[in-house]
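S.K.: A structural model of the following input is requested.
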Amino acid sequence: MDDLLLDETLRAISKFFDKYKVGYEGNKGYRKTTDLFKLRLAAEDLANAGYLHRRKTVFWDLGCGDGRVNIFMSYFVKCSIGTEIEPLIFEEYAARKKELEEVLRSSNLVFPPSNIFLFQGDSLSGETEEAVRKHSGYSFRDVDIFYTYITLHDVFAEKILRDAKKGALYLVYGFGKILPSYDGFKLVNPDAGRQNIMALYEKL
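M.R.: This is a model prediction of the structure:
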């Protein structure tokens, strides 16, 4: 896929999901969603720094919602895994993906790769981990980069510190200029995407 076609495809995906954005002021205030226009710049930063490889990187969104981040990141990584604890939110994925594919087809853009594996379950659960391993072929220790919205970011950091491999990356969305520190991690990019909203950490 050439860079221009990829750029057009990612912009179309971002625009599609923008109309389904919810947050504190949205119609479903319990949920917060990633702005894919902003994620695009962070993904470019990570790719340019050598952290994302289409043939090597295993990615896991620890609270994937309707799967938008997994769809978006599937173009940048080898495997795009997502887990979502809320069944009603998770159920939106199939219909949204089908609608998105119609949008992409109508504009002759590229469908998401077949490297997306989404699961309904608790990201902190061993049962969920086993389902991921069984169906994707990857365990928690195989993951190169974990992602989450700021919700439960500290709890997920503890899980990554305990169970992920050394050098695993942790990208957290939702920060401002004041960033937390996590035991056992170093901050490698305080402003991924240059928008004061995402920070990248590495497990020591």
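S.K.: From the geometric centre of the protein, which residue sits farthest away?
M.R.: Ser106 (25.7 Å; Cα atoms, centre = their mean).
S.K.: any idea how far it lies from Ala12?
M.R.: 10 Å (Cβ to Cβ, to the nearest Å). Every C-beta, even on glycine, is put in place using the N, C-alpha and C of the backbone.
S.K.: and what of Tyr51?
M.R.: 25 Å.
S.K.: give the contact list for Val155.
M.R.: Leu124 (Cβ atoms under 8 Å, 6 or more residues apart in numbering).
S.K.: heads up, I number from 57, so please use that
M.R.: Will do, 57 is the new start, and the previous item becomes Val211.
S.K.: I'd like to know how many residues surround the closest residue to Pro169 other than its chain neighbours.
M.R.: Once flanking residues are discounted, Pro169 sits nearest to Ser130: 4.9 Å by Cβ to Cβ, 6 or more residues apart in numbering. Ser130 has 23 neighbours, counted by other Cβ atoms under 10 Å.
S.K.: Test my guess that Ser130 contacts Pro168.
M.R.: Yes. The pair Ser130 / Pro168 is scored as a contact, 4.8 Å apart, by Cβ atoms under 8 Å.
S.K.: Does the nearest residue to Glu64 once chain neighbours are set aside fall in a helix, a strand, or a coil region?
M.R.: Using Cβ to Cβ, 6+ apart and skipping residues adjacent in sequence, the residue nearest Glu64 is Leu165, 6.0 Å away. Here Leu165 is recorded as coil under DSSP: H, G, I helix; E, B strand; the rest coil.
S.K.: Thanks a lot, see you next time.
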